[in-house]
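Student: mind folding the following:
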Amino acid sequence: MLGLRPAVAEPAGSADDPLTRDVVRAVEVELGRILDEILCRAHETDPVFAREVAERVSAFVRRGGKRLRTAFVWCGWRAAGGAGGIAAVVSTGAALELVQACALIHDDVMDGSSLRRGAPAMHVEFARMHLAAQMNGPSRAFASSTAVLAGDLALAWADDLLTEAALGSPYGIRLHREWQSMRTEMVAGQYRDLRAQATGSAGLEEALAIATLKSALYTIERPLALGAALSGADASLTKTLRSAGRCAGLAFQLRDDLLGAFGDPDLTGKPADDDLRTRKLTYLLAVGRGLADASGDEAAADTLKPGTAPLSDDAVRRMRTVLERTGARAVVEAKIGELAAASLRHFDRAGAEPLVGREFAALVERVSGPTSKCSGGPV
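Tutor: Next up, the predicted model:
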């Protein structure tokens, strides 16, 4: 365990300085402190490992993202009454940022993505290190294997921090159970994603299952439930908050699908064509295939059909055109709006104070994004 206790006061905010912003700042401070301590211990364990692996993971965590999961933990905690101190909320938020680092590092390896948060993906960094040091063997195999270890390391750090938060909370058992479920869901979602690629699945239900397990649950639903657990929420309230989180989480993932097809890498911090180039099963692609089949548009169906070979730049451009022409992009935009509205209705039933409701609504608008264009940044 880390032996740390966040020294933060109850944040004081206003409409111009949202409370979630204060919590995010507190988590940034806490992450910095935690990572400094972890790196000291890593250097004591082995200086080569610390320099080449632990320091890279630490740098990746520090550089970023929107810290959305932290904000949703706070919303769940406050919606359930905000019992206890803010310290456990900060620790839980920091743990989520570490598990997010694990997920992104592993996901980039599995997807072969080269860019993350505006910088080379972790496995790309390790490949460059291998080449620069003139190591033996294929750099790609070394890089992939080492990136898996880097992701595992981030997860171990996350588990240590969450365990300490649970031990210090009167509701620690509930907190830990939510965490356990979240970790299993993440692995299940990642496997379903890989399996869909291997089987050439093109179904809409399959795409929704992947989006839910791989992203929606651990991005919003489980953070809300983790926050609620810290405040001792009963089963009924937790269920209501989870419903709100699932809808918002799906809206987030569908927006990410659009960013993956039409986004600007300078804004998103990741490539804009990886999903299309590999024909990954997303809700967007499943909708496009369904619309093409329903309209008898054989050319569109052929353009969007499943496959294993990476597509050329021209083929990717054709896919974007088809997704526009069939109306798939518009359908997904509409679905995002429906999910965001449903999320707010569920959260209203939680009976949270108006300030918390406004914070949650602002966050949902942030994750669901604008409906007229694709923008955004790394998460």
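
Student: what helix or strand is residue 72 on?
Tutor: Counting by DSSP states H and E, the element that carries residue 72 is helix 68-79.

Student: counting by contacts, list what that helix packs against.
Tutor: helix 19-45, helix 87-111, helix 222-230, helix 235-262, helix 354-368 (3 or more Cβ pairs under 8 Å, 6 or more residues apart in numbering; DSSP states H and E). Where C-beta positions appear, they are placed from N, C-alpha and C, glycine not excepted.

Student: change it to 10 Å
Tutor: For helix 68-79, the elements it packs on are helix 19-45, helix 87-111, helix 222-230, helix 235-262, helix 328-348, helix 354-368, judged by 3 or more Cβ pairs under 10 Å, 6 or more residues apart in numbering; DSSP states H and E.

Student: dump the strand or helix carrying residue 302 to CSV, keeping only the CA atoms.
Tutor: Counting by DSSP H and E, the element that carries residue 302 is helix 298-303. Extracted in CSV, the C-alpha atoms of helix 298-303 (Å, rounded to 0.1, in the frame of the first residue of the first chain):
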residue,chain,number,x,y,z
GLU,A,298,-24.6,-2.7,-52.5
ALA,A,299,-21.7,-0.4,-53.2
ALA,A,300,-22.0,1.1,-49.7
ALA,A,301,-22.4,-2.3,-48.1
ASP,A,302,-19.3,-3.5,-49.9
THR,A,303,-17.3,-0.4,-48.7
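
Student: quick one: that helix to chain centroid distance?
Tutor: 32 Å (Cα atoms, centre = their mean, to the nearest Å).

Student: what of stretch 311-328?
Tutor: 26 Å.

Student: got the contact list for that stretch?
Tutor: Residues outside stretch 311-328 that contact it (Cβ atoms under 10 Å, 6 or more residues apart in numbering) are 258, 261-262, 272-279, 283-295, 297, 299-304, 307, 309-310, 329-332, 334.

Student: give me the buried subset of these.
Tutor: 258, 261-262, 272-279, 283-292, 297, 300-301, 303-304, 329, 331-332 (16 or more other Cβ atoms under 10 Å).

Student: SS state for the nearest residue to residue 201 once chain neighbours are set aside?
Tutor: Of all residues not flanking residue 201 in the chain, residue 281 sits nearest, at 5.6 Å (Cβ to Cβ, 6 or more residues apart in numbering). Three-state assignment for residue 281 (DSSP: H, G, I helix; E, B strand; the rest coil): coil.

Student: ok, now which ones touch residue 281?
Tutor: 192-193, 195-197, 199-204, 206-207, 209-211, 275, 289, 306.

Student: look up phi and psi at it.
Tutor: Backbone geometry at residue 281, expressed as degrees, to the nearest 10, gives phi -70, psi 100.

Student: how close does it get to residue 110?
Tutor: 14 Å (Cβ to Cβ, to the nearest Å).

Student: repeat that for residue 28.
Tutor: Applying Cβ to Cβ to residue 28 and residue 110 gives a distance of 28 Å.

Student: how about residue 21?
Tutor: 33 Å.

Student: again with residue 40
Tutor: 32 Å.

Student: which of those two has more neighbours?
Tutor: residue 110 (14 against 11; other Cβ atoms under 10 Å).

Student: my guess is that one contacts residue 144, does it?
Tutor: Yes. Residue 110 is in contact with residue 144 according to Cβ atoms under 10 Å; the separation is 9.2 Å.

Student: for the stretch 101-250 of the chain, just list every one of the helices.
Tutor: Secondary structure of the stretch 101-250 of the chain (DSSP state H, counting those that start in this stretch): helices at 122-132, 139-167, 172-199, 204-211, 222-230, 235-262.

Student: now the spatially most central residue of the chain, nearest residue through space, not along the chain?
Tutor: For the chain, residue 219 is the residue whose C-alpha lies nearest the centre (Cα atoms, centre = their mean; 5.1 Å). Distances taken as Cβ to Cβ, 6+ apart place residue 249 nearest to residue 219, at 4.9 Å, with adjacent residues excluded.

Student: report the set of residues contacting both of residue 110 and residue 144.
Tutor: The contact lists of residue 110 and residue 144 share residue 123, where a contact means Cβ under 10 Å, 6+ apart.

Student: what's the first helix or strand after the lowest-mean-pLDDT helix or strand in the chain?
Tutor: Least confident helix or strand, the chain: helix 265-268 with a mean of 66, by mean pLDDT, DSSP states H and E. Downstream of helix 265-268, the first helix or strand assigned by DSSP H and E is helix 274-277.

Student: pLDDT on that following helix, on average?
Tutor: On average, the pLDDT along helix 274-277 is 78.
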